[in-house]
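A.B. asks: Return a 3D structure for these sequence lines:
(one chain, ligands or ions: 2)
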Amino acid sequence: PAIESKRLRIAMQKSGRLSVDSQALFSSCGLKINLREQRLIAHVENMPIDILRVRDDDIPGLVMDGVCDLGIIGENVLEEVSLQRQLDQENFDYEVLARLDFGGCRLSIAVPQEENYQGVQSLDGKTIATTYPRLLARFLKQQGVNARIVMLTGSVEVAPRAGLADAICDLVSTGATLEANGLKEAEVIYRSKAVLIQRKGLTDAGQLKLIRKLMPRIQGVMQANE
Ligand code: PRT
Ligand code: ZN
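C.D. replies: Ligands and ions are numbered 1, 2, ... in the order given. Sure, this is the predicted structure:
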């Protein structure tokens, strides 16, 4: 007798910049989901899939720990968590199934507009506020720059004006936020998009078959958007 497969668990951002596009991708792939309620778990009606709606920061860990099978996450968060888990000697394995066509942004260092910025050496001895300390530390190390990193989980763009830092390292898309805070982009350190990731060691035949059925649909949706 056939052994019944477990339902496939997919993690997505509950509310934020990736949630509408993630939801739209699922719908385009034919998943019928009722996301009206403020529930953590939404059952897909027409396929053996459960959608977990969480904060984006939790998604890489959920997949790396094997708690969720798939996840949609910005590469910036994925890479930051990955570097941190490497340092903490925790499991940081995952597989990228697709680079998606939304969530595009860059992680950049920005300095006060009036500053005479002369390249990365200008950052030597400075204090930089960021939500991405590991990505920033990697960049500074590669560039041979000695700067102090201050961790802030929000309102990073006001840190220089508040006297908390000389510069910031934050996500940018249009640049309007930097501009509004009297800052200018000095270095792009990372370019990011949303990606679909899978946990390592997924062996359930039914689940693998389902993923193989979904992948061409995802590729198709992305081609249609081109
Ligand atoms: O609540 P939760 O923790 O889930 O959400 P969050 O607040 O941490 O994340 P959210 O929803 O703001 O962003 C989720 C992901 O979207 C990010 O990790 C990126 O991968 C991606 N993304 C794409 C962006 C942006 N574009 C973006 N512009 N994330 C943040 N921003 C910020 C930017 O830092 C700036 O402060 O949006 C502001 C406006 O940007 P400008 O340059 O257009 O002014
Ligand atoms: Zn977050």
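A.B. asks: Quick check, T130 in contact with R148.
C.D. replies: No - in this structure, T130 is not within contact of R148 by C-beta atoms under 8 Å, at 11.1 Å. C-beta here means a position set from N, CA and C on the backbone, and glycine is covered the same way.
A.B. asks: Could you pull out the helices in this structure for me?
C.D. replies: For the chain, the helices defined by DSSP state H occupy 19-28, 59-64, 75-87, 133-143, 176-180, 205-225.
A.B. asks: So if I had to pick from T130 and R148, which one is more boxed in?
C.D. replies: The neighbour comparison of T130 against R148 (other C-beta atoms under 10 Å) goes to T130, with 26 against 12.
A.B. asks: and the nearest residue to that one once chain neighbours are set aside, how many residues sit next to it?
C.D. replies: Nearest non-adjacent residue to T130, counting by C-beta to C-beta, 6 or more residues apart in numbering: C169, 3.9 Å away. For C169, the neighbour count with other C-beta under 10 Å is 28.
A.B. asks: For ligand 1, see how far away C169 is.
C.D. replies: The gap separating C169 from ligand 1 is 10 Å, by C-beta to the nearest ligand atom, to the nearest Å.
A.B. asks: which bits of the protein sit near ligand 1?
C.D. replies: 13, 16-18, 55-57, 74, 76-77, 103, 105, 157, 170-177, 192 (C-beta under 6 Å from any ligand atom).
A.B. asks: Which of the residues you listed fall within strands?
C.D. replies: Judged by DSSP state E, the subset of these located in strands is 13, 74, 105, 170-172, 192.
A.B. asks: from the residues you listed, which is closest to ligand 2?
C.D. replies: The shortest approach to ligand 2 among those belongs to Q13, at 7.8 Å (C-beta to the ion).
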